[in-house]
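Colleague: requesting a structural model of the entry that follows:
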Amino acid sequence: MKFFFPDSQDQVDPSFDFETEERSDLRLRHRDDRYAHEEFASTPFDGILLSMAMVETGRYTLPQRHRLYRVGIRRFFRLEDSRLETMGDCGAFSYIREDYPPYSVTQVVNFYDELGFDYGISVDHVILGFDPRLDEESAPKDWKLRQEITLDLADAFLKEHKKCGSRFMPLGVAQGWSPASYAHSVEQLQKLGFSYIAMGGMVPLKTHEILTCLERVNQSRNVDTKLHLLGVTRCEQVREFARFGVASFDSTSPLRQAFKDLKDNYWTLDRTYSAIRVPQVQANPSLLKKIVAGKVNQAEARRLEQKCLKILLQFDAGKASVDDALGPLLEYEQLYDEGPSHAEIYREALLDAPWKSCDCDICRRIGIHVILFRGAERNRRRGFHNIFVFYQRLHRELGEEHEAEGLVLSPGGLK
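Modeller: Predicted structure coming up:
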């Protein structure tokens with residue numbers, strides 16, 4: 001089963017100095033910053049997914065867009081010598097409130113052709129709801145209309161693909177609001193000629209709802225039809241997914257959880273840890289507000305911030321104890337956080353020191369910095385680490401060895 005990592009221009013600066021927190025004056029972001037696949041000796045995913053919406057209205061600057069169209073997706077992401085595949089979609093969640101997708105079939109096919117994608121997903125429209133009790137007659141008109149729009153656009157997409165002689169593998173999108181309606185979409189897409197189908201709109205669904213839909217779809221799925229799950233991460237269910245014809249999926253959850261989740265920020269094969277927060281005095285909104293209001297002395301905050309960083313580095317080098325590190329952390333926490341103390345979860349993370357036993361290139365390279373919640377350079381690298389661990393979990397659940405580029409899943413991790 002293939003895992004495609006969606007791009008949102010999450011790169012890291014190799015010139016960043018974690019102790020001085022300074023960068024090279026000669027750094028050029030588009031030239032020097034590194035993508036997740038460049039941070040590992042063996043890439044922990046099988047492909048990159050890029051949304052048209054991300055390029056046109058997301059995190060791409062005008063110069064980045066121009067360069068992407070000029071050099072193509074493989075050169076832009078520096079994939080010339082890589083095994084990684086590329087998949088494109090429209091980013092339907094970005095226009096979910098619109099009555100009709102803003103991109104035409106011709107625009108999307110041209111986007112995939114010009115950039116040189118390996119796979120291209122048809123234009124779709126997400127259905128804003130899920131209710132397995134509703135049949136074709138009782139479902140809201142808007143839900144049925146969005147399904148019809150998606151199927152009509154898939155038909156036009158496949159015709160345009162053939163007309164243009166496109167080289168990318170086309171995927172049709174199945175949208176539904178129930179197991180039966182998803183099965184109906186798959187049946188129609190197969191009749192149109194699709195043998196690779198992306199299951200859309202499933203991100204909000206609970207695991208048992210996804211499985212129920214896939215089980216029903218499997219009854220209508222041709223033996224040679226493959227499925228892709230858009231935005232769905234359920235690692236513990238991948239064997240069931242595979243049994244129902246799922247061949248690939250994509251998700252940013254491992255990356256986002258590194259800095260979006262309140263506590264489950266650092267992943268290991270069997271559990272998660274909270275990141276240790278050492279906020280930057282000049283970048284933490286709540287702390288800055290207190291400083292401006294005169295409730296916190298800025299010099300004192302800065303002193304404690306630096307004391308925390310110094311003692312944590314000493315701890316990582318074996319020159320300070322857990323209690324030595326906890327004291328300044330909790331003292332600093334009282335300045336910026338009025339919530340419950342993180343004493344116990346920090347103690348647990350420091351006692352276990354999971355970064356010391358991790359085989360990933362990130363942990364080996366930056367040590368304790370990987371578990372510090374502090375700025376994009378650390379937080380993104382922790383996200384990259386999580387992707388590495390997720391890929392290990394994926395193949396452990398599948399019970400298979402992953403031999404691409406010499407990767408083999410062993411009890412100690414990817415080798």
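Colleague: so the residue most central in space within the chain versus residue 298, what's the distance?
Modeller: Central residue of the chain (CA atoms, centre = their mean): residue 252, 1.2 Å from the mean position. As judged by CB to CB, to the nearest Å, residue 252 and residue 298 stand 36 Å apart. All C-beta atoms are positioned from the backbone trio N, CA, C, and that covers glycine.
Colleague: try residue 289
Modeller: From residue 289 across to residue 298, the span is 12 Å (CB to CB).
Colleague: follow-up on the earlier one: right, and the residue nearest to the centre of the chain touches residue 4 too?
Modeller: No: with contact defined as CB atoms under 8 Å, residue 252 does not count as touching residue 4 (10.4 Å).
Colleague: strands along the stretch 301-415 of the chain, start to end?
Modeller: Residue ranges of the strands in the stretch 301-415 of the chain, as given by DSSP state E, counting those that start in this stretch, are 372-373, 409-410, 413-414.
Colleague: got it, and the stretch 1-150 of the chain?
Modeller: Here the stretch 1-150 of the chain has its strands, by DSSP E, counting those that start in this stretch, at 2-6, 47-51, 85-89, 119-121.
Colleague: turn the ones you listed into TSV, columns for mean pLDDT and mean neighbour count.
Modeller: Formatted as TSV, the strands of the stretch 1-150 of the chain follow (pLDDT from 0 to 100; neighbours: other CB atoms under 10 Å):
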stretch	mean pLDDT	mean neighbour count
strand 2-6	97	22
strand 47-51	98	24
strand 85-89	98	25
strand 119-121	98	26
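Colleague: distance to residue 130 for these - can I get that in a markdown table?
Modeller: Formatted as a markdown table, those follow (distance: least, CB to CB, whole Å):
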| stretch | distance to residue 130 |
| --- | --- |
| strand 2-6 | 22 |
| strand 47-51 | 22 |
| strand 85-89 | 20 |
| strand 119-121 | 21 |
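Colleague: residue 273: neighbour count?
Modeller: By other CB atoms under 10 Å, 21 other residues sit near residue 273.
Colleague: who touches it in this structure?
Modeller: 264-266, 345, 348-349, 352, 354, 371 (CB atoms under 8 Å, 6 or more residues apart in numbering).
Colleague: in helices only, show me these.
Modeller: Using DSSP state H, the members of these that fall in helices are 345, 348-349, 352.
Colleague: in PyMOL, how would I select just the buried ones from those residues?
Modeller: Those of those that count as buried under 16 or more other CB atoms under 10 Å are selected in PyMOL with:
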select buried, resi 349
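Colleague: how about the ones in helices among the contacts of residue 273 in JSON lines, adding pLDDT?
Modeller: As requested, these are arranged in JSON lines below (pLDDT from 0 to 100):
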{"residue": "345", "pLDDT": "97"}
{"residue": "348", "pLDDT": "98"}
{"residue": "349", "pLDDT": "98"}
{"residue": "352", "pLDDT": "98"}
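Colleague: out of the ones in helices among the contacts of residue 273, the closest to residue 30 would be?
Modeller: Within those, the smallest distance to residue 30 is 35.1 Å, found for residue 349 (CB to CB).
Colleague: thought the closest one was touching residue 372?
Modeller: No: between residue 349 and residue 372 there is no contact under CB under 8 Å: 10.4 Å.
Colleague: what sits against residue 76?
Modeller: By CB under 8 Å, 6+ apart, the contact set of residue 76 is 67-68.
Colleague: please tell me how far it sits from residue 36.
Modeller: Per CB to CB, residue 76 is found 15 Å from residue 36.
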